[in-house]
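> I'd like to go over a predicted model; first the sequence, then the structure.
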Amino acid sequence: MSWIWIAFIILIILVIAGSGRKGNRNRQTKPYRIDHPHYITDDESECSVCGARFSKKLASCPRCGTQFDSAETDEEEWYEEFDEECAWDEEEGW
């Protein structure tokens with residue numbers, strides 16, 4: 001019965017130790033622009049600070065004025081639109 005208590009205490013220690021960590025350590029701390037290429041619609045960019053979306057690859061955010069130090073590309077929406085287009089083609093027998 002004592003081994004159950006030892007396992008429970010170790011589990012609690014691990015949970016407490018893990019809760020002090022911040023989110024994704026790979027995430028950049030400086031402001032950056034997130035470029036969202038699209039398959040069907042026009043490409044967009046997003047501010048990492050306020051989340052505003054805009055159509056041009058600007059050096060600063062048009063909403064909050066943050067100057068971007070770098071840019072990342074998030075291709076998730078491109079793949080979603082591509083898969084959707086393929087599904088439409090499949091339904092039409094292409």
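Happy to help now that I have it.

> you'd agree residue 13 is in a helix?
Yes: under DSSP: H, G, I helix; E, B strand; the rest coil, residue 13 sits within a helix.

> neighbours of it, how many?
Burial of residue 13, expressed as a neighbour count using other CB atoms under 10 Å, amounts to 10. In short, each C-beta sits where N, CA and C put it, glycine included.

> same check on residue 61?
21.

> and for the nearest residue to it once chain neighbours are set aside, the neighbour number?
Using CB to CB, 6 or more residues apart in numbering and skipping residues adjacent in sequence, the residue nearest residue 61 is residue 47, 4.0 Å away. Here the number of neighbours of residue 47 (other CB under 10 Å) works out to 22.

> residue 12 versus residue 47, what's the distance?
With distances taken as CB to CB, to the nearest Å, residue 47 is found 40 Å from residue 12.

> isn't residue 42 right up against residue 53?
No: between residue 42 and residue 53 no contact is recorded; they are 11.0 Å apart, counting by CB atoms under 8 Å.

> between these two, which is the more surrounded one?
When residue 42 and residue 53 are compared for neighbours, residue 53 comes out ahead with 12 against 8, by other CB under 10 Å.

> gap between that one and residue 90?
Separation of residue 53 from residue 90 (CB to CB): 30 Å.

> same thing with residue 15?
Computed with CB to CB, the distance linking residue 15 and residue 90 is 46 Å.

> ok, residue 68 next?
With CB to CB as the criterion, residue 68 and residue 90 are 39 Å apart.

> more neighbours, those two?
Set residue 68 next to residue 90 and count neighbours by other CB under 10 Å: residue 68 wins out with 19 against 9.

> name the nearest residue to that one, ignoring sequence neighbours.
Distances taken as CB to CB, 6+ apart put residue 33 closest to residue 68, at 4.3 Å, once the chain neighbours are dropped.
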